[in-house]
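Trainee: I would like the atomic coordinates for the input below:
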Amino acid sequence: MADAPPAFVPPARVGQIAIPVTDLERAVRFYGDTLGLRLMFRAPPGLAFFDCGGVRLMLTGVTGDGSPAAAGIIYYLVTDLVAAYEALSDKGVRFLDAPHCVARLPDHELWMAFCRDSEENLLALMSEVRPGPADRAPASRLPLELLEETLAVCRLPVDAALPDWADGASRFLTVSRTGEELSITAIQSIVPAGVRCERDYRALRVKSPLPLDLIGVLAAIADPLAAAGLSIFAISTFDTDYVLVKARDLEPALAALERAGHQVSRQAVGSP
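Mentor: Okay, here's the model as predicted:
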């Protein structure tokens, strides 16, 4: 039986407040010289952090398109970011990304996950992860969901055109062309007989969009499956990761992932 996930502990305090500014240097002088707050550190591309009685104020300059941020963001400090992420996701909170590391400081890593409140205001959960023998990075426990479709992984000649049966696929379809092959992963029922492929795969998807720089996601899934002697076929998209296992291996794969601490939704869902 898998260990019970850590209980969700509500935020104890505000850990950080984002303050949008149009002139970062002017704002640094105001908060540091005029208000007398302690400048903690500065970070690219245009951030400055001040301490105000244990609450961190983050001055943030213009956004990527050159305009100032529209409103401040409140960052709520939680003791276990993954537990909070999973519990609030189960309550219907819409997260914009999965827990991920945003900064590695001398004595801890700063992890965050952003979501929307009921009024569409942007807010964040944050956690300071300090090294220790019992610590696990947030990416080591992931919310996973099982797709209902059975998939096939197909190999076509490198110069083959995209076949009609794939061109009309409206649900799960990935296409990769290299100098050696055209590879297509699709719902098995649309793949004609005679196409060279490996059939009878089931897919697990990591819930919620993942930052492209998030470290260790596939390893956190692949390692316990490898330890159980199970092979995988992995697919990464812009938003998330998929891990495919043979249908015959599905039950031992789910059990291995649950033993590793992952939260697996066994209720199969359709492809988006």
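Trainee: Show which residue of this protein lies farthest from the average position.
Mentor: Here the centre of the chain is the reference, and by C-alpha atoms, centre = their mean the most remote residue is T34, at 39.8 Å.
Trainee: How about the contacts made by that one?
Mentor: Under the criterion of C-beta atoms under 8 Å, 6 or more residues apart in numbering, T34 has no neighbours. Every residue, glycine included, has its C-beta placed from N, CA and C.
Trainee: G53 versus that one, what's the distance?
Mentor: Shown here: T34 relative to G53, a distance of 17 Å by C-beta to C-beta, to the nearest Å.
Trainee: Equivalent analysis for E25, please.
Mentor: 24 Å.
Trainee: what's the answer for Y201, then?
Mentor: Taking C-beta to C-beta, one finds Y201 at 54 Å from G53.
Trainee: Pick out whichever of those two has more residues nearby.
Mentor: Y201 (24 against 5; other C-beta atoms under 10 Å).
Trainee: what about that one, distance to G168?
Mentor: 20 Å.
Trainee: list the contacts for G179?
Mentor: Contacts of G179 by C-beta under 8 Å, 6+ apart are V158.
Trainee: List phi and psi for A226.
Mentor: With angles defined as degrees, to the nearest 10, A226 sits at phi -60, psi -40.
Trainee: Any regions of the stretch 1-150 of the chain where pLDDT drops low?
Mentor: For the stretch 1-150 of the chain, the stretches with pLDDT under 70 are 1-7, 62-71, 119, 131-140.
Trainee: where does the closest residue to T237 other than its chain neighbours land in three-state SS?
Mentor: Among residues not flanking T237 along the chain, T174 sits closest, at 7.6 Å (C-beta to C-beta, 6 or more residues apart in numbering). Look at T174: counting by DSSP: H, G, I helix; E, B strand; the rest coil, its state is strand.
Trainee: Make residue 1 into 11 and carry on from there
Mentor: All set: I'll call the first residue 11, so the last point we hit is now T184.
Trainee: okay, now T184: neighbour count?
Mentor: 16.
Trainee: who's in contact with it?
Mentor: T184 neighbours (C-beta under 8 Å, 6+ apart): 194-196, 245, 247.
Trainee: now do R104
Mentor: Contacts of R104 (C-beta under 8 Å, 6+ apart): 125-126.
Trainee: roughly how far apart are it and G189?
Mentor: R104 is 41 Å from G189, by C-beta to C-beta.
Trainee: cool, and R258?
Mentor: Counting by C-beta to C-beta - R258 and G189 are separated by 33 Å.
Trainee: what helix or strand does E96 sit in?
Mentor: helix 91-100 (DSSP states H and E).
Trainee: what about that helix, distance to the chain center?
Mentor: Computed by C-alpha atoms, centre = their mean, to the nearest Å, the chain-centroid distance of helix 91-100 equals 12 Å.
Trainee: Which positions in it come out as buried?
Mentor: 91-99 (16 or more other C-beta atoms under 10 Å).
Trainee: Same check on stretch 184-191?
Mentor: In stretch 184-191, counting by 16+ other C-beta under 10 Å, buried: T184.
Trainee: Please compute how far that stretch lies from its chain's middle.
Mentor: 26 Å.
Trainee: Check the separation of the first and last residues in it.
Mentor: 14 Å (C-alpha to C-alpha, to the nearest Å).
Trainee: What of stretch 135-152?
Mentor: 16 Å.
Trainee: Over to stretch 136-154?
Mentor: This stretch, stretch 136-154, spans 21 Å end to end (C-alpha to C-alpha).
Trainee: got it, and stretch 215-234?
Mentor: Span of stretch 215-234 from end to end, C-alpha to C-alpha: 16 Å.
Trainee: Give me the average confidence score over it.
Mentor: In this model, stretch 215-234 has a mean pLDDT of 76.
Trainee: Same check on stretch 189-202?
Mentor: 94.
Trainee: Having no further points to raise, I will conclude here.
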